[in-house]
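Student: here is the input, now give the coordinates:
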Amino acid sequence: SSGKWCIGQLVRQAVERGTVPSVLDLMVGNFQEKFAEFRKMVHRKELEIQVHHCEVSPNWERLCKIGRHLLPESGPQTNGAILDLISTRYQPYTVSWSNVQDYMPPRAFHATARRVSAHGDVIHSGYSMNWVAWVYGTSVTDYLNC
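Tutor: I've put the predicted structure just below:
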């Protein structure tokens with residue numbers, strides 16, 4: 001089945017069943033069906049999920065503290081080696097950076113993101129928690145002198 005959600009198709013299916021749920025109910029129901037398929041794939045060993053935690057740092061030559069267990073013992077144990085491992089072994093299709101970019105200068109963050117995606121096209125996503133510090137009017141303290 002397709003990973004796309006077509007509201008029109010979901011509405012038609014609901015009407016054929018004799019129900020008229022809300023759009024939210026349709027989406028929740030569709031999500032539950034898709035998640036059930038996902039669980040079945042995991043149980044049939046058609047899908048494997050790996051979750052790893054490691055340090056991502058622009059200080060590439062620094063010794064890696066978190067995630068070193070993922071690296072081969074014979075190779076470098078640095079932050080740069082972790083980035084190379086992510087790119088070559090795992091070849092991510094997407095990378096979610098959370099708010100990592102709040103803790104690195106833009107050039108260092110972009111170089112780090114490029115190193116993780118050296119194997120090819122990767123969709124990167126992230127967000128900033130610090131944007132309110134840069135945009136006047138987003139904090140009540142901006143209006144103290146008014």
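
Student: the residue nearest the centre of the chain pairs with what?
Tutor: Taking Cα atoms, centre = their mean as the criterion, residue 96 is the residue nearest the geometric centre of the chain, at 2.7 Å. In this entry, residue 96 is beta-bridged to residue 125, by DSSP bridges.

Student: now the lengthiest helix in the chain: buried residues?
Tutor: As assigned by DSSP state H, the longest helix anywhere in the chain is helix 23-43. Neighbour counts over helix 23-43 (16 or more other Cβ atoms under 10 Å) mark 26, 30 as buried. (Glycine included, C-beta is placed from N, CA and C.)

Student: still on that earlier bit, pretty sure the residue nearest to the centre of the chain is touching residue 126, no?
Tutor: Yes. Residue 96 lies in contact with residue 126 (Cβ atoms under 8 Å); the separation is 6.9 Å.

Student: and the residue nearest to the centre of the chain, how far is that from residue 56?
Tutor: According to Cβ to Cβ, to the nearest Å, residue 96 and residue 56 sit 12 Å apart.
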